[in-house]
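**Student:** give me the fold of what follows.
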Amino acid sequence: MLRVLFLVAGLTVSLSPAALAQNQAPAAPVVAAATASADPIPREVRAEARRDCYGENVALSGDDLRQAMRNCMQARFPGVQLYAADGLTRDGKPTATTARALCKQDADARKLAGSERKAALVACFNEKRPDLAQRAECRKEARGKGLGGEALRAAIAECARGGQG
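**Tutor:** Numbers count the residues shown, from 1 in each chain. Next comes the predicted model:
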């Protein structure tokens, strides 16, 4: 008899209007908030949507989770390119992986080896993605100063902003 009482109480709580409202995703307000700013989607809105999507897919892991998260986020923000596609970032630059692959193909075509190959790869990558090259240089300087954690991140961000401006 006690089991039945707990079962009924559990069903009552799980089917209550408050519980149902908590489980529903607020897709429409998120899209409206996303179109209001100059940035495609404000960081806070994206973070909240990411938390909601993760909550919906908490049982998944690895590639399954990654794909489910992409699908969920794209469904919440239709018409907005959230991820790199076809080797290009959202702002049209080649992704780091694509840039490295192109540089390796170039070095292979020129039959470079050893330190000559390494120098050519670094120069090629720096030419294709100067923003990432700047951040790498900033990271090297900050680590040379002995920074770590949040201080390292802040120093890299500040240095990169100064180099781009």
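
**Student:** please make it C-alpha for all contacts and neighbour counts, starting now.
**Tutor:** OK.

**Student:** tell me how many other residues crowd Gly149.
**Tutor:** 7 (other Cα atoms under 10 Å).

**Student:** tell me the confidence at it?
**Tutor:** The predicted local distance difference test score for Gly149 is 89.

**Student:** check the one 4 residues further on too.
**Tutor:** We have a pLDDT of 90 for Arg153.

**Student:** got it, and Phe125?
**Tutor:** In this prediction, Phe125 carries a pLDDT score of 91.

**Student:** now do the strand or helix carrying it: which elements does it pack against?
**Tutor:** In this assignment (DSSP states H and E), Phe125 forms part of helix 114-128. Applying 3 or more Cα pairs under 8 Å, 6 or more residues apart in numbering; DSSP states H and E, one finds that helix 114-128 makes contact with helix 96-109, helix 130-144.

**Student:** will you turn these into CSV that also has distance to Arg161 and mean pLDDT?
**Tutor:** Written out in CSV, the entries for the helices and strands packed on helix 114-128 read as follows (distance: least, Cα to Cα, whole Å; pLDDT from 0 to 100):
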stretch, distance to Arg161, mean pLDDT
helix 96-109, 19, 91
helix 130-144, 9, 90
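
**Student:** would you map the helices across this structure?
**Tutor:** All helices of the chain, identified by DSSP state H, fall at 2-14, 17-23, 27-35, 43-56, 62-76, 96-109, 114-128, 130-144, 149-164.

**Student:** list the contacts of Gly55.
**Tutor:** Listed by Cα atoms under 8 Å, 6 or more residues apart in numbering, Gly55 has no contact partners.
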